[in-house]
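K.L.:
Give the three-dimensional model of this entry:
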Amino acid sequence: MEQRIIAGVQVNLNEEGYFTQPEQWTKEVAVEIAMQERIQLTDKHFAVLELLRERYFKGDTLTIRMVGNSGIIDIKGFYGLFPGAPMKKAAKIAGIPKPASCF
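P.N.:
A predicted model of the protein is given here:
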């Protein structure tokens, strides 16, 4: 486990850079992590991040299909917001552990 200061907040990360304590997350931390991923967050990004955090804390399985069926954004739009590996990037920026559906 690694401790880092991101946006003035000390956070605990695993070896892949995912939060081990999601309660350490703030929107300011998300903005800084997104900048490292070369993503500029918009209201739509935050709607997806908040959905992922809400579902994570409920214990739901996080999948691309779940995001696409959320009514917030379709799957193509999700890939547009978080290009490359949308669930991995979105989870990292949302301050939650990497979903089991991600390899």
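
K.L.:
Mind naming the longest helix for the protein?
P.N.:
Taking DSSP state H as the criterion, the chain has its longest helix at helix 43-58.

K.L.:
next helix or strand past that one?
P.N.:
helix 64-68 (DSSP states H and E).

K.L.:
what's the offset of that next one from the middle of its chain?
P.N.:
How far helix 64-68 lies from its chain's middle: 13 Å, per CA atoms, centre = their mean, to the nearest Å.

K.L.:
Kindly report the same for stretch 91-103.
P.N.:
Its chain's C-alpha centre and that of stretch 91-103 lie 6 Å apart, by CA atoms, centre = their mean.

K.L.:
Give the buried residues for that stretch.
P.N.:
91-99, 102 (16 or more other CB atoms under 10 Å). Quick note: C-beta positions are derived from backbone N, CA and C, even for glycine.

K.L.:
Using the three-state scheme, assign residue 71.
P.N.:
Classification of residue 71 by DSSP: H, G, I helix; E, B strand; the rest coil places it in coil.
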